[in-house]
Every structure is written in C-alpha cells, then in structure tokens.
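In: next one to model:
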Amino acid sequence: MGSLAEAVADLVHDGDVVALEGFTHLIPVAAGQEVIRQGRRGLTLVRMTPDIVYDQLIGAGCATKLVFSWGGNPGVGSLHRFRDALEHGWPRPLEVEEHSHAGMANRYVAGASGLPFAVLRGYVGTDLPNVTSTIKFITCPFTGEQLAAVPALNPDVAIIHAQRADRAGNVQLWGLVGVQKEAVLAAKRSLVTVEEIVDELTPVPGAIVLPSWAVTRVVAVPGGAHPSYAQGYSERDNAYYAAWDPISRDRDTFTEWLTALKEGR
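Out: So this is what the prediction gives:
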C-alpha cells in the first residue's frame, strides 16, 4: 500500500484531470497538500464543492482550470486564492467551468456508468448555459420535453478519504458522503486515504463499500481529512477554517504558509 508521497507520485501527473471529492466530511486534504509538495502543474481540478484545499492548490500554482459547482470557505466566506487567480491571474490564470450541484453529480454518474453524457431537468432560467459550453439542451425523443445534457466526467485520477480499508484493499466509508463512489468509479485511476487499515470490515449502517478491484491505491493516513472530519474518528476543526481566511487574503502571508507546508512545518 506504501506511503502517501509514493501514491501521489505514482498516480498524479502534470496536466492531469484530478478530482478530490468529499462533502463537508471526509475531504482528502492531506492528499491535496501532498500534490502541492510534489509541485504538480497544469492540473484541471474537479470538485462539486471546492473549499480550502482547492484554495491551497490554486494558490500554489497547481491548477490551470477548475470544474466546479460552488466554491467557498464553508461557514467563513470566500476563497481568496481562487478569487485572486480568477480576477488577477495570480499565481497563474485560471479557467473555470461552472455547473450546478445536480449537473456535477450527474456527470460523475454518467462517467461511472460508461455513458457519454447525462440528462437532467435543470439549468432552465439560469445564465449558466450562456457561459458554460458543456451545458446543452436536447429534446426528449419520447415526450418532446426540453432537457439539459452535460458530458460525462472521467477524471484521470480521483482522490477520496474514507474511514477504513481491509488488507485486501476494500474500502468502507459512512456518514455524510457525497459523490466519492461515483468519482472513483468514473476515474481512470484512484487513490483512497483511510483512517486505518483493519483485518476485516465490520458492517456499519448505511456504509458504502468500494471493492478492491475499483481502487488503484489505498494508503493509511490517520487524520487525512483534517480540518474536515471523519465520522467516528475526528471532529471538524472550525478554528482552522476561520484561520484560513486571513492567511489566504494576503499573498505574502499565503506564501509564508506555502513555504512552511513544503518544508513540513
């Protein structure tokens, strides 16, 4: 199973389309920060709800494009490194492709299902189709209804965090989950960081199990979701989210933070 550094070096390459998924809970922050340490460039970052780990990746110059459906520091405010890249091109220009939550989720489902696109009722009455070229309207051949179509998402690599995996590489996650399963199944390669590796996965109500054949690499990274939480293992570090706001507002302060991250401080 190896180390996180080895897994990122093996799976994440310059120019890749990379999805780090997790909804409020089980966000793979440690893996995202390892991508920063390894200096990846030219990434297209995909995420339903980019928050501070994407702010960090964008500020570190890893990304040239963001595909997303909402972006912010949850409970605090804006993503200032994201805004700086979008508005001023610092540290490099950032292209954006914006969708709704439903559109993004359906794109992952289409990718996981081996379909070229997804169809949904949505986007009508919004401005998104005017600014996002990956939203088209089609006519249902059976009812004549106008529906929105969005292309499948098939990332080069999907990265998620989960509670545990067994020694055969089967992954178990539970609690508040998002599109982690769909992202992994849609991706060409996948990395799952987990709180612990156990001999046997015991049943948990509502748990999702990703079989070993669907996962490329599993790495034990206790606390790998911090400052988000992992149900049954850790609580959300609200102070971290609040502290990120002044760090990310100022380029020099952020650069100091980035230097400390790379040096392991």
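In: and the helix or strand hosting Arg107, what's its mean pLDDT?
Out: According to DSSP states H and E, Arg107 maps onto helix 101-113. Averaging pLDDT along helix 101-113 yields 97.
In: show me where the stretch 1-150 of the chain has helices.
Out: 4-11, 29-37, 52-59, 80-88, 101-113, 128-131 (DSSP state H, counting those that start in this stretch).
In: now the first one: buried residues?
Out: Taking 16 or more other C-beta atoms under 10 Å as the neighbour-count basis, helix 4-11 is seen to contain the buried residues 4, 7-8, 11. All C-beta spots, glycine's among them, are computed from the backbone N, C-alpha and C.
In: so which of these is the closest to Arg40?
Out: Val8 (8.2 Å; C-beta to C-beta).
In: so that closest one makes contact with Ala30?
Out: No. Assessed by C-beta atoms under 8 Å, Val8 is found out of contact with Ala30, at 10.0 Å.
In: restricting to C-alpha, output stretch 92-109 in CSV.
Out: Provided in CSV are the C-alpha atoms of stretch 92-109 (Å, rounded to 0.1, in the frame of the first residue of the first chain):
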residue,chain,number,x,y,z
ARG,A,92,-1.3,32.0,-12.8
PRO,A,93,-4.5,32.5,-14.8
LEU,A,94,-7.4,30.1,-14.0
GLU,A,95,-10.1,28.9,-16.4
VAL,A,96,-13.4,28.0,-14.9
GLU,A,97,-16.2,25.7,-15.9
GLU,A,98,-19.2,26.1,-13.6
HIS,A,99,-22.2,23.8,-13.2
SER,A,100,-24.9,23.1,-10.7
HIS,A,101,-24.6,20.5,-8.0
ALA,A,102,-27.1,18.3,-9.8
GLY,A,103,-25.2,18.7,-13.1
MET,A,104,-21.8,17.7,-11.5
ALA,A,105,-23.3,14.7,-9.7
ASN,A,106,-25.0,13.5,-12.9
ARG,A,107,-21.7,14.0,-14.8
TYR,A,108,-19.9,11.7,-12.4
VAL,A,109,-22.8,9.1,-12.6
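In: buried stuff in that stretch?
Out: 94, 97-109.
In: before we move on, what SS does Gln172 have?
Out: Classification of Gln172 using DSSP: H, G, I helix; E, B strand; the rest coil returns strand.
In: one more: the one 5 residues further on?
Out: In terms of secondary structure, Val177 is coil; the call rests on three-state DSSP.
In: contacting residues around it?
Out: Contacts of Val177 were listed using C-beta atoms under 8 Å, 6 or more residues apart in numbering, and they are 22-23, 25-26, 208.
In: got it, and Ala152?
Out: Ala152 touches 107, 110-111, 113, 115-118, 186, counting by C-beta under 8 Å, 6+ apart.
In: any idea how far Gly22 is from it?
Out: Ala152 is 21 Å from Gly22, where distance means C-beta to C-beta, to the nearest Å.
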